[in-house]
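Engineer: structure of the sequence below:
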Amino acid sequence: MPEITWDDFEKVEIRVGTIVDIQDFPEAKKPAYKLWIDLGELGVKKSSAQITDLYSKGDPLLRQVLCVTNFHPRQIANFSSEILTTGFYSDDGSVVLAVPERDIPNGTQLA
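Structural biologist: Numbers count the residues shown, from 1 in each chain. As a prediction, this is how the structure comes out:
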C-alpha cells in the first residue's frame, strides 16, 4: 500500500453506529447482507456487507460497528450502499466486523 500523509487520513470520517436491520441480498454478485445502521445525528444509513461467512442474519443485529461515512454512495446491484461497514479479512477470506471495545453513542467519530 502507498504511504499516506496525516492530512490524507484526516479526510476519512469513521463513525460508530448500531446495526438496526439486516436483510438478505440475493441480487449481490458475492454473498452479502443489506444493513441499516443507526449513526445517531447522521440518521440511519444503508450498507452492503460481505459478512455471510461468519455471521448469520441475526448475529450482528444491535451490534455497534465502525463505518466510513464520507464516501459517495455506491450502487451494488439494486441497492445504494451509503456507507462502508469496516472489517478485517481473516486467513480464510471471511470478514470479521470492526467493532468498538465498549458501547459509545451512535455517530461518535473516531478520534
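
Engineer: for the residue nearest the centre of the chain, list each beta-bridge partner.
Structural biologist: Among the residues of the chain, the one closest to the centroid is T85, at 1.1 Å (CA atoms, centre = their mean). Beta-bridge partners of T85, counted by DSSP bridges, are C67.

Engineer: what's the pLDDT at it?
Structural biologist: Predicted confidence (pLDDT) for T85: 98.

Engineer: list the contacts for it?
Structural biologist: 35, 37, 47, 49, 51, 65-67, 97 (CB atoms under 8 Å, 6 or more residues apart in numbering). Using the backbone N, CA and C atoms, a C-beta is placed for each residue, glycine as well.

Engineer: what's the answer for D103, then?
Structural biologist: Counted by CB under 8 Å, 6+ apart, D103 has contacts Q64.

Engineer: ok, now how distant is it from H72?
Structural biologist: 29 Å (CB to CB, to the nearest Å).

Engineer: and what of E27?
Structural biologist: 21 Å.

Engineer: now swap in L35 and tell me
Structural biologist: L35 is 18 Å from H72, by CB to CB.

Engineer: quick check: phi and psi at E41.
Structural biologist: phi -60, psi -20 (degrees, to the nearest 10).

Engineer: typed the wrong thing, it's Q64
Structural biologist: Torsion angles, degrees, to the nearest 10, at Q64: phi -80, psi 140.

Engineer: hang on, it packs against L97?
Structural biologist: No. The criterion here is CB atoms under 8 Å, and Q64 misses it with L97 at 9.4 Å.

Engineer: the more surrounded of these two?
Structural biologist: Q64 (22 against 19; other CB atoms under 10 Å).

Engineer: quick one: that one from K46, how far?
Structural biologist: Counting by CB to CB, the gap from Q64 to K46 is 17 Å.

Engineer: one more: V16?
Structural biologist: Using CB to CB, one obtains 17 Å as the distance from V16 to K46.

Engineer: one more: I14?
Structural biologist: On the measure of CB to CB, I14 and K46 end up 17 Å apart.

Engineer: what does T5 give?
Structural biologist: The value you get for T5 to K46, if CB to CB is used, is 31 Å.
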